[in-house]
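*Asks:* Any chance you can model this:
(2 chains)
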Number of protein chains: 2
Amino acid sequence: MIVGIIGLGLIGGSMAIDLKRRGFAQTVLGVESEPVNAAAAEKIGLVDEVVTIEDCVRRSDIIVIAIPVGAAVGMLQSVLDMFRDNGWTDKTVIDTCSTKASIVRSVRYHPMRKRYVATHPMAGTEYSGPWAAVPNLFDGRACIFADSEESDRAALAGIEKLYDALNMRPTYMNAESHDVHTAYVSHISHITSFALALTVLDKEKDEKHIFDLASGGFSSTVRLAKSNADMWVPIFSQNRDNVLKVLDTYIEKIGEFRQAIEDYDSDRTRELIEQANKIKKIIR
Amino acid sequence: MIVGIIGLGLIGGSMAIDLKRRGFAQTVLGVESEPVNAAAAEKIGLVDEVVTIEDCVRRSDIIVIAIPVGAAVGMLQSVLDMFRDNGWTDKTVIDTCSTKASIVRSVRYHPMRKRYVATHPMAGTEYSGPWAAVPNLFDGRACIFADSEESDRAALAGIEKLYDALNMRPTYMNAESHDVHTAYVSHISHITSFALALTVLDKEKDEKHIFDLASGGFSSTVRLAKSNADMWVPIFSQNRDNVLKVLDTYIEKIGEFRQAIEDYDSDRTRELIEQANKIKKIIR
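*Replies:* Prediction:
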């Protein structure tokens, strides 16, 4: 099995490591448009060979698109076009993007649609680039298959094996539900972290030593604010409506807290905190 | 040296463990008003003996008040009154509360003020109660001494030794600055986590499986939402003005994000994210 990975960042690079060392892929080819990252990926030995997109698609059995979702939409189109133009009916292409509705919609009527499997491996760290790639990144995490009934059965089965090699838990849902759910459990928490960082950085202009005091709790809450703009700008744009809806609920909750504190309303503050504490039952 | 700890929760209990096993205290006495917690603390062996407040103050060289800041203000007053009434001039009392201005103000004119050292060991987890106590909780973290010039030199030196045994880094500042700084690097991040939990829990009423998808990033951001109301209600009340100021900046930043996303303004979204990314230089 030859796997070709387009985009050798955190996700693509980490996949390359585990698919190779766990024997799922005999050969891993990589495509990386950023020359510095390409050189790094070769130097680290993330992939067997860094090649052109054309070479990658021609030689690989499975092509993984692991680039930001804005660019991924065009890339998926190109890869499916190559399948069609060359009569390649055995190859499969997947994407790993964090929003699914718009990318799935973009190829709905493509004649090779069935050779595409839309997936979202829900793993990551706040770091990016080939240097951020690590072994075991995906172990035990959920992988969402979106609109999997639109894919050829054999193509789907091959990709299920790929994610099984990565030790992921498969979950199936339609692309729209995916985008609603991820707005709640992933996209919103990035915005709250970004805003927290901006708030504290604003203050830090005057108070150089404020961060000496940052506790472990603060570091944990602000961690996602290190996340990469290339990845997140297109996510917020493609999942705009869901994100705005969640953000409005969030702003309402923050407002309720603010009001209770302003009013010295200890009962109401306690009530809000105790409601929030219910998250204990759900998140370890 | 006998150390008496009033409040055998996360902070008091963790202090008890390390002060004893590191040899700073030959004996650790504990006071715990909650019978279930008192029984647990004795069973776990957190302290040598659970005693009454009167016994604790009479027998201890150093008294540590490690209860929520609302109750701590009254307790500090009582302990200093006992010092005065019994002519105990060698004992020292400290508190470990997360807000400092109001507790320091409350005893400003007490005749035994010099035997009080106001401290804030900046360590913790989102858990509470005697079961949450752990060894090494304080290692390497900052401990703030507030208005330390108001304390007797010998009393201060004794407390510096106590925190040295806990491996903490001492930092000195006035109580007002402390409260401003902690509003930024600690209090606000609890509110953002509480509000995030409330937002997602609201949604979860309809969508039972939403949390199957929660990524590591979400868990990290929402972690502080497990924090205890007994501790946090009085903090928000006592540090109300600073917290409201920070909260207003935060609401402004969230609003800027919302606007950029609503307007599909990718340049502005990117700008905000890249500004937020500067936190990388400061927080590991």
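
*Asks:* Next, give phi and psi for residue A:108.
*Replies:* phi -50, psi -40 (degrees, to the nearest 10).

*Asks:* From chain B, how far off is it?
*Replies:* Plainly put, residue A:108 is 22 Å away from chain B if you go by C-beta to the nearest C-beta, to the nearest Å. For every residue, glycine as well, the C-beta is placed using N, CA and C.

*Asks:* now swap in residue A:224 and tell me
*Replies:* For residue A:224 relative to chain B (C-beta to the nearest C-beta), the value is 5 Å.

*Asks:* ok so that residue is a helix residue?
*Replies:* Yes. When DSSP: H, G, I helix; E, B strand; the rest coil is applied, residue A:224 is found to be in a helix.

*Asks:* was I right about it contacting residue A:189?
*Replies:* Yes. With contact defined as C-beta atoms under 8 Å, residue A:224 reaches residue A:189; the gap is 6.1 Å.

*Asks:* residues shared between the contacts of these two?
*Replies:* B:217, B:221 (C-beta atoms under 8 Å, 6 or more residues apart in numbering or on different chains).

*Asks:* what distance separates stretch A:43-60 from the centre of its chain?
*Replies:* 22 Å (C-alpha atoms, centre = their mean, to the nearest Å).

*Asks:* mean confidence score for that stretch?
*Replies:* In this model, stretch A:43-60 carries a mean pLDDT of 96.

*Asks:* Just the CA trace of it, in CSV.
*Replies:* Extracted C-alpha coordinates of stretch A:43-60, given in CSV (Å, rounded to 0.1, in the frame of the first residue of the first chain):
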residue,chain,number,x,y,z
LYS,A,43,15.3,15.9,7.0
ILE,A,44,13.2,14.6,9.9
GLY,A,45,12.4,11.6,7.7
LEU,A,46,8.6,12.0,8.1
VAL,A,47,8.0,10.6,4.6
ASP,A,48,9.9,8.3,2.2
GLU,A,49,9.9,10.9,-0.5
VAL,A,50,8.7,14.5,-1.1
VAL,A,51,7.1,14.5,-4.6
THR,A,52,4.9,16.7,-6.8
ILE,A,53,1.1,16.5,-6.5
GLU,A,54,0.9,14.7,-9.9
ASP,A,55,3.4,12.1,-8.8
CYS,A,56,1.7,11.7,-5.5
VAL,A,57,-1.7,11.0,-7.0
ARG,A,58,-0.3,8.8,-9.7
ARG,A,59,1.7,6.6,-7.4
SER,A,60,-0.5,6.4,-4.3
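
*Asks:* Would you mark the buried spots in it?
*Replies:* Residues of stretch A:43-60 classed as buried: A:46, A:47, A:48, A:50, A:51, A:53, A:56, A:57, A:60 (neighbour count, 16 or more other C-beta atoms under 10 Å in any protein chain shown).

*Asks:* just stretch A:169-184 next, same as before
*Replies:* So stretch A:169-184, judged by 16+ other C-beta under 10 Å, has buried residues A:171, A:173, A:175, A:177, A:178, A:179, A:180, A:181, A:182, A:183, A:184.

*Asks:* Of those residues, which ones also sit close to chain B?
*Replies:* A:171, A:180, A:181, A:182, A:184 (C-beta under 8 Å from any C-beta of the partner chain).

*Asks:* list the helices and strands the helix or strand encompassing the second one packs on?
*Replies:* What it means is residue A:180. Here residue A:180 sits within helix A:175-182, counting by DSSP states H and E. Applying 3 or more C-beta pairs under 8 Å, 6 or more residues apart in numbering or on different chains; DSSP states H and E, we find helix A:175-182 packed against helix A:101-106, strand A:116-121, strand A:142-146.

*Asks:* any idea where the helices of chain A begin and end?
*Replies:* A:10-21, A:35-44, A:53-59, A:69-86, A:101-106, A:153-165, A:175-182, A:188-204, A:216-222, A:229-238, A:240-262, A:266-276 (DSSP state H).

*Asks:* Which stretch among the ones you listed is buried most, on average?
*Replies:* With neighbours taken as mean count of other C-beta atoms under 10 Å in any protein chain shown, these reach their highest mean count in helix A:188-204, at a mean of 25.

*Asks:* what does the stretch 1-150 of chain A have sitting close to chain B?
*Replies:* So the stretch 1-150 of chain A meets chain B at A:122, A:123, A:124, A:125, A:126, A:141, A:142, A:144 (C-beta under 8 Å from any C-beta).

*Asks:* quick one: which of the helices of chain A has the weakest pLDDT on average?
*Replies:* helix A:216-222 (a mean of 86).

*Asks:* excluding its backbone neighbours, what's nearest residue A:71?
*Replies:* residue A:234 (7.8 Å; C-beta to C-beta, 6 or more residues apart in numbering or on different chains).

*Asks:* can you tell me which residues contact the one you found?
*Replies:* Counted by C-beta under 8 Å, 6+ apart, residue A:234 has contacts A:68, A:69, A:70, A:71, A:99, B:266.

*Asks:* Return the distance of the nearest residue to residue A:10 once chain neighbours are set aside relative to chain B.
*Replies:* Using C-beta to C-beta, 6+ apart and skipping the chain neighbours, the partner closest in space to residue A:10 is residue A:132 (4.2 Å). Per C-beta to the nearest C-beta, residue A:132 is found 13 Å from chain B.
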